[in-house]
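> Predicted model and sequence follow; I will ask about them next.
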Amino acid sequence: MDEFQEILQDFLVESFELIEQLDQDLVELETRPDDLELLNRIFRVAHTVKGASSFLNFDVLTHLTHHMEDVLNKARHGELYITPSIMDVILESIDLMKALLSTIRDTSSDDGIDVSGCVARLDKCAKGGADLEVSAQQTYIEAEDELMETMEDETLEAVCESEPDYENMDADEIEAEIERLLQQRQAEDKAKREQKNTQKKAAVSKVQEDEEDEEEYHTVSKAPVVITPARKPASLGNDEQESDDARAASPAKKQSAVEQTIRVDVKRLDHLMNLIGELVLAKNRLIKINDDVEERYEGESFLEELNQVVSIVSIVTTDLQIAVMKTRMLPIGKVFNKFPRMIRDLGRELNKKIELEISGEETELDKSIVEEIGDPLVHIIRNSCDHGIEAPHIRAEQGKSETGTIKLKAYNEGNQIVIQIDDDGKGLDTDMLKRKSLEKGLITEKEADNMSDKEAFGLIFKPGFSTAAVVTNVSGRGVGMDVVKTNIEKVNGIIDIDSEVGVGTSMKLKIPLTLAIIQALLVGVQEEHYAIPLASVLETVRISKDEVYTVEGRSVMRLREDVLSLVHIGDIFEVERILDSSEYAYVVVLGLGASKLGLIVDTLVGQEEIVIKSLGEFLKGINGIAGATIRGDGGVTLIVDVVAIMDMAKHVRASAVVDTKSDVALLTREKSKASDYTVMIVDDSKTDRTIMRKALEPLGITLVEAGDGQEALSILKQGDYNFDAMLVDIEMPRMDGYSLATEIKKYNRYKNMPLIAVTSRTGKSDRMRGVESGMVEYITKPYSADYLMSVVQRNINFKSEFLK
Amino acid sequence: MSDKLKQIIKKQSQKESENLTHTDDVVQLVGFVIGDEEYAVPILSIQEIIKPFPWTRVPQVPKYVIGVFNMRGAVIPLIDLRTKFGLSPKKHNEETRFIVMRDGDDVAGFVIDRLTMAIRIKKSNIGPAPDTASGDDTAIDGVGKQADKIITILKVKKLLQRDF
């Protein structure tokens, strides 16, 4: 049974591969119905599938392919001219064949699909086109064909009558039987051929290769002799070789050439890719350590050696990464292959004449991406056919050729793959797009007015948008293009549209080569770091705070000729603004298609190659976060989802304003009793602290003591208290009063907290320094308790009703 | 397959099931304290127990998800059980531990106040969760009775389930 499964697997893999090529061939065939090579190729597919399926006892499939084969056979012998209607039947049968194969894959049986209707139509085609009984006999000519046929007949017989007979035979016996039948058939055919040969010679006068010997005839006879003589020599060599190959190959597994490849389970490759990811992380870490060591042991001789090793490891890792990436690459032709057939069907359905030009199908992409882009491309091409290309009579009126052309092109551009879909249809009308969106309430009037052309084109990707006046079953249900955008963005790709009314539309899908490892810009905000995919970063600029303007509640800046809207990364990621950022800020200009956004960050850390890790099931789908990566120091850094950020930026401004308000509310919280007021006393002398405490205790306020600036700062950072004021001694160990005041002013939360200097320094310059560092009052020792109390009361807005 | 082989296999599977029923009587748990309560989870659902180390905050999540951390190359969410159970947050100290629990493919680290010990408890000594906290919504699997105290046994599956 296992052996059967193995054979079945081989059969399915082979069949699906054959069929993939088939669609394209068939469509080509329609344009060149007399291309013999094509016909032969198609015939062979049907034939191979038939042979193998009968061998595996798939009766329905055998039945269907057998009739397909009949029709195709007639066609390749020139007895049947492939008209579009015959082609429809053939295509239908191919679809059925696909369905059957899928059923077999899923259930190991080909039950449940009715093929009789299609078979009847196939028969009709075969009969309609067939004129001679003689030619029907022509089916079996090649040795390899014969063998297949023999086996098929054999198994069919076996199925019908005496299955157990063959089941019970051992291998030798079967071989002997096959051998016997084969010889028998060969003898018969030989006789037939000779007979026919003479007939044909009589019938066809203009055959040049009359004098072929038996051997040569054997290989060439596959081609109908009625075909134009001029063509024949050209295809001769090819045919010969093909049938030679075919004969050499075993009947069950017919392949035209032995490829130097092995099939590998995708899981293994994924595992390998994960391991490489780990290695890249380790490499980053090694480089970091190397830098540290270099700093510490500058000039030591072993450094050079270490440097060498690190750079070798680094280079090899990069090469390894590329090599593994390449093993995962598939030619994009795998996706493109299904389009000729699709265009043909669409064209017939919509009564349009459409031609598809494909180029760059050998361009390679990561397997996972190839799988992802199939659907978006289908949607785009359907849209082009349905909405883009005009009906033939309209095209004629506009002086275009009646046949519309869609060009599908793939090429490499730097670290990206570009897939370009051009059509020469009516193009996108921006006014119409805006009007439609307005009608559907997707945008506001004001937005419509301010929209650039590019932005207007982007409207077609809005959920709920459909430009077709009439909904056809091809497209226009208003879901398609929305899905396109989501799918492309899922693989970190972007879509770029260009269009001119009456001339055509061009869409460019820019997709990264791989998903797992990307270049990123690391930025810092407060004490946190974030990684931004470098592909979305246009540039970075340093600005000073006063370059930021506020327009309608939104921050903007002028970047050369443009106005760039700004958003602080801290507002998006709810970063607590503990430190007040410095005078300068950095703006990372993010670009995604036509839209731009300036992301304000505190620091730029640098560029690094990062391995994308998922946040897992528990944390997936966090808005604005695409994943995480592990840095050289072992820490985790979150990766920014640029697409989401662009969207979030539109709403975040308002909430940020609310936030600051609530912060203020927190600080000026309503005091209901005296102990709600909290004051910190910072002095290195225990005596001085006690004196101050004694002086303030009558007020009933909460007092917190700190022995020096450092301690005071850490108490502030802990945030256990909400301080209303601080009494600060100037001369203290570790951190003096001035530095403490400067540090405190960096914290947003305590920016406006009154700092009262209590000191024995009385010099004017001391007072000046105090003011500079942000002290509001300056009390010189010694002082009276009442004076201290009144100063504190004034500064904390102490309500008199709390006084006992 | 020969009959002999079948017999051997049958015997083996019998033995195994016997073993199972034998160990079934006793459940091994790891106990830990959050706030004033002692809790426990099955020892087999624990991947490892580690001392606290730096983590990265994640935005837009509930307060109890304090971030993610790197465990040998895997990015794992870190959940503060104090906050999750409605207690006030506490500074990590010497006794604080991260317990990494796993259920199938779901993994997460949980911050606990301190570990107590590994507990072997008879199945018969485990009662159902109180009626007020039963059903699918509760994270309580049952209540383990011991000589001097009771321990709340938690459902790891529920703890690892995203509920926001």
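That came through fine. Residues are numbered from 1 along each chain as shown, chains lettered A, B, ... in the order given.
> Show me which residues of chain B are close to chain A?
Applying CB under 8 Å from any CB of the partner chain, one finds that chain B approaches chain A through B:54-61, B:65, B:67-70, B:73-77, B:105-108, B:160, B:162. Using the backbone N, CA and C atoms, a C-beta is placed for each residue, glycine as well.
> Give the buried subset of those as a PyMOL selection command.
Buried residues among the residues of chain B next to chain A (16 or more other CB atoms under 10 Å in any protein chain shown), as a PyMOL selection:
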select buried, chain B and resi 55+56+57+58+59+60+61+65+67+68+69+70+75+76+77+106+107+108+160+162
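> my read: B:R120 touches B:V30, true?
No. When contacts are counted by CB atoms under 8 Å, B:R120 is not listed as touching B:V30 (10.9 Å).
> quick one, strands of chain B?
Using DSSP state E, the strands of chain B run over residues B:26-34, B:37-42, B:46-50, B:65-71, B:74-80, B:97-103, B:106-112, B:114-122, B:126-127, B:140-145, B:150-154.
> which stretches of the stretch 201-350 of chain A form strands?
Applying DSSP state E, counting those that start in this stretch to the stretch 201-350 of chain A gives strands spanning A:329-331.
> Most proximal residue of it with respect to chain B?
Using CB to the nearest CB, the closest approach of the stretch 201-350 of chain A to chain B is made by A:E278 at 5.3 Å.
> Distance check, the residue nearest in space to the middle of chain B against B:K155.
When CA atoms, centre = their mean is applied to chain B, the residue found nearest the centroid is B:V41 (3.3 Å). Per CB to CB, to the nearest Å, B:V41 is found 8 Å from B:K155.
> How about A:I630?
30 Å.
> now A:E489
Following CB to CB, the distance that separates A:E489 from B:K155 is 37 Å.
> So which other helices or strands are in contact with the strand or helix carrying A:D422?
In the assignment (DSSP states H and E), A:D422 maps to strand A:416-423. With contacts taken as 3 or more CB pairs under 8 Å, 6 or more residues apart in numbering or on different chains; DSSP states H and E, strand A:416-423 sits against helix A:367-383, strand A:404-413, strand A:504-512.
> Tell me the helix or strand right after it.
On the C-terminal side of strand A:416-423, the nearest following helix or strand under DSSP H and E is helix A:430-439.
> mind checking how far that next one is from the chain centre?
Centre-to-centre, helix A:430-439 and its host chain are 29 Å apart (CA atoms, centre = their mean, to the nearest Å).
> Could you do stretch A:348-367 as well?
How far stretch A:348-367 lies from its chain's middle: 20 Å, per CA atoms, centre = their mean.
> next one: stretch A:382-392
Relative to the centre of its chain, stretch A:382-392 is centred 26 Å away, using CA atoms, centre = their mean.
> Over to stretch A:396-409?
31 Å.
> quick one: which helix or strand includes A:K50?
Per DSSP H and E: helix A:36-55 holds A:K50.
> State the mean pLDDT of that helix.
Model confidence over helix A:36-55, given as mean pLDDT, is 76.
> Next SSE downstream of that helix?
Downstream of helix A:36-55 (by DSSP H and E), the next one is helix A:59-76.
> now for the helix or strand just after that following helix, which elements pack on it?
Remark: after helix A:59-76, the chain's next helix or strand is helix A:84-107, criterion DSSP H and E. Here helix A:84-107 touches helix A:2-31, helix A:59-76, helix A:116-129, helix A:339-350, going by 3+ CB pairs under 8 Å, 6+ apart.
> and the angle for the second one with helix A:116-129?
So that's helix A:59-76. If you take axes from the mean of the first three to the mean of the last three CA atoms, to 10 degrees, helix A:59-76 sits at 20 degrees to helix A:116-129.
> And the residue in the stretch 451-600 of chain A that chain B sits nearest to, what's its pLDDT?
Proximity of the stretch 451-600 of chain A to chain B (CB to the nearest CB) peaks at A:F573, 4.0 Å away. pLDDT recorded at A:F573 is 84.
> Give me the contacts around stretch A:454-463.
For stretch A:454-463, the external contacting residues (CB atoms under 8 Å, 6 or more residues apart in numbering or on different chains) are A:428, A:430, A:433-434, A:436-437, A:442-443, A:465, A:467, A:478-479, A:481-482, A:484-485, A:495, A:497-499, A:593-595.
> Return the members of these classed as buried.
In these, burial by neighbour count holds for A:428, A:430, A:433-434, A:436-437, A:442-443, A:465, A:467, A:478, A:481-482, A:484-485, A:495, A:497-499, A:593-595, counting by 16+ other CB under 10 Å.
> which stretches of chain B aren't confidently modelled?
Scanning chain B for pLDDT under 70 picks out B:1-2, B:15-24, B:132-137.
> Would you mind listing what in the stretch 551-700 of chain A touches chain B?
A:572-575, A:613-619, A:622-625, A:628, A:630, A:634-638.
> Give the buried subset of those as a ChimeraX selection command.
Paste this into ChimeraX to select the buried members of those, with burial taken from 16+ other CB under 10 Å:
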select /A:572,573,575,613,615,616,617,618,619,622,624,625,628,630,636,637,638
